[in-house]
Structure formats: structure tokens, C-alpha cells
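>>> Turn this into a structure:
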Amino acid sequence: MAVFTDVSEAEIASFLAGYGLPAPDAVTGIAEGTENTNYKVMAGGRRFILTLYEARVNVADLPYFLSLMDEVAGAGLPAARPIRTLKGERLQAIAGRPAALIEFLPGRPNMDPSPRDAETAGSFLARFHRTTAHSSLHRPNTMGMTSWREMTARAGDALDRFGEGVRTELAETLKLLARFWPVGLPKGPIHADLFPDNLLLDHGEVSGIIDFYFACTDFFAYDLAITMNAYTPETGALDLTNAEAVLSGYDETYKLTDAERSALPVLLCGSALRFFLTRATDNIFAPESTLYTPKDPLPWLRLMRHHRARLEDEL
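Numbering: from 1, shown residues only. The predicted model follows:
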């Protein structure tokens, strides 16, 4: 979430009218995130999130994202649900951008999660996968290995600003991943971005899962690897306690197969590489926005190196 497109209150009032809602009582830009423009909106005594989808999001993918949010919420999980207009539409336009009005969910993210919080996240992710395993929705993973190669090529020598020889190191890691990437694991719609800021908690229990805009069809174990890495603290000495807690919570709820467990080292390495590359390219090609601050990619480079060393030890 972030603010890349400015929207006036008059534009928002016109937009809300399509939902039968009055003019907004309050509108606040949300600075966090890297993909879309987001505002908190108060209208008619209710709270909403207004999301404008920026150029980086493929408009053709939006029906998938919004349908998945609807499907997960309809299955009884606390997912942010898109609100429909008076005409039954989930997608409109505002300020030249496609946009949706999203249900506001209670709770807050815990940005310093404890092992117990991490275990809760793992258990919830397992419940999410048990739900999506029966879904007919499908979208290819556009942030898979092909995109990793493309991002590496696009950034080129600028990657070496993050350390001498990083570009070469990434090329070697990509070759290793391509050699050992698994096939045939259980798959279905995955969230693909379950960081602590995308899981809302209320009194220690999950009250909402948000930000579905990397969701796609891929291995459930890859989604687990992303979450294990996402819950690994980025500062201080490398500490995998939370990652192990995510795994424990997941495995107790949705038992991993032997093949999934064996594939975790390569999936962990791949997901760390993926988030290093997106953060690195966000830094290299940062858009001009006063409310946008690129995130530090170096913790993910450290994590990638750790998982690569573990993977090589097991070969």
C-alpha cells in the first residue's frame, strides 16, 4: 500500500455515490507499501479502504484478485472483501485508475511478531490453503523464476551497489534454483505475500488477511516458504525461530507431504531471492513520490545466502 495517485475528496464523493454511499467524512492516504495507491475512507459511519491499481498491476488480473478475496471471505475466513456497487460491480475507475472499495477489517498487524504470532500465521496460512485447494480460480505466477531472470537482467550492474559481485552471485543462484526447483507438489491459489503487515490480529487471533495482489496459482509449499522468510526478523543476528514457528503452525493444521518438506530448502532460497530482487529493483528504479520509501533489500540477500548454503550442504 502507498500513495502514488492523488485523489480529491470531490472525486471520492462521486466514486462513493456509485455504492449508494454519502460523501466521505474523512480521507487519509496510506503511506506503507510499494504497489498500489490506498486511502482510508470514512463514509456513512463506515470505514473502507479505497485502492487504486497502479501501472505495475495488470488490469486483466484484477477480476482474479477480487474473486479470490470474495471466495476466501465467503468460505468463512476473515479476508478483505471487495464491496459491490449498486450495479453489482466490484471494479470502477477514479483519477484515471481502476479502483475498488474494500471492506475495512478490524485489528492491527504486529510488525514485531513473537514466535507465537508466527505460529498463528502458519496455522492461518494452512487454513487458507485448505480453502483454496478446492478453488477453480487460476492465475499463473508472474513473479516466478522467469521474472527473477528478467529483473536481474534489467538491473544489471546496478545490483553491485548492494555488494561487490552480487550480480554474478544472483546468476549462479538462479542456475542452482533452476536445477533443483521441484515439480508436482500440491498447488492452488496462494497469497504469495503473507508478511506480518498483511495479517491483522485482534487479541492474538487473526482478524483479517489483506493485500491479495500477488496471489496466483503455485505450490502451497512455496507460499509457506515465503511466509517463513517474511516472519524472519530483518535486523540483528540471523534468527530463524519465527520461521520454524510458522512451519510448526502450518504443519499442525495442514500436514506437509514428504516431497513438500524435502523441497523447502530450495523454495526458501527462491523466495528470498525473489524479494531481494523486487526490493533491489524498487530501490534502483524508485518512483518519485513523497509518500514512498523503498524497503531495504539487504536482509533478503543475507537470507538468500543462508538458504543457498543450506541447500548446497544437502546436495
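>>> Strands of this structure, residue ranges please.
Along the chain, counting by DSSP state E, strands occupy 26-29, 37-43, 46-52, 92-94, 97-103, 187-190, 199-202, 205-209, 216-219.
>>> quick one: which of those strands is nearest Pro140?
Comparison of the strands of the chain against Pro140 by C-beta to C-beta identifies strand 216-219 as nearest, at 6.4 Å. Using the backbone N, CA and C atoms, a C-beta is placed for each residue, glycine as well.
>>> Of the strands of the chain, flag the one that's most buried.
Greatest average neighbour count among the strands of the chain goes to strand 187-190 (a mean of 24), per mean count of other C-beta atoms under 10 Å.
>>> Would you list the strands that that one pairs with, along with their directions?
If you go by DSSP bridges, strand 187-190 pairs up with strand 216-219 (antiparallel).
>>> Can you list the low-confidence ranges for the stretch 151-300 of the chain?
The model of the stretch 151-300 of the chain has pLDDT under 70 over residues 287-292.
>>> 50 instead?
Within the stretch 151-300 of the chain, the stretches with pLDDT under 50 are 290.
>>> Quick check: Ala243 vs Ala309, distance?
15 Å (C-beta to C-beta, to the nearest Å).
>>> higher neighbour count, these two?
Neighbours per residue (other C-beta atoms under 10 Å) separate Ala243 from Ala309, with Ala243 holding more: 22 against 12.
>>> ok now do that one, which residues does it touch?
The contact partners of Ala243, taken as C-beta atoms under 8 Å, 6 or more residues apart in numbering, are 118, 228-229, 231-232.
>>> 6 Å - rerun?
When contacts are counted by C-beta atoms under 6 Å, 6 or more residues apart in numbering, Ala243 touches 228, 232.
>>> which stretches of the chain form helices?
Secondary structure of the chain (DSSP state H): helices at 9-17, 62-74, 115-132, 145-155, 166-180, 220-230, 241-253, 258-284, 298-314.
>>> burial measure for Asp6, as a count.
By the criterion of other C-beta under 10 Å, Asp6 has 12 neighbours.
>>> Apologies, that question was intended for Pro233.
Applying other C-beta under 10 Å, we find 15 residues neighbouring Pro233.
>>> what do you get for Trp300?
Residues lying near Trp300 (other C-beta under 10 Å) number 25.
>>> Spatially nearest residue to Ser207, not counting backbone neighbours?
Among residues not flanking Ser207 along the chain, Gly107 sits closest, at 3.4 Å (C-beta to C-beta, 6 or more residues apart in numbering).
>>> Next one: the one you found, what pLDDT does it get?
Looking at Gly107, its pLDDT is 95.
>>> again, but for Ile30
Note on Ile30: pLDDT of 85.
>>> Give me the phi and psi for it.
Here is the backbone geometry of Ile30 (degrees, to the nearest 10): phi -110, psi 120.
>>> Run a quick neighbour tally on His134.
Neighbour count for His134, taken as other C-beta under 10 Å: 10.
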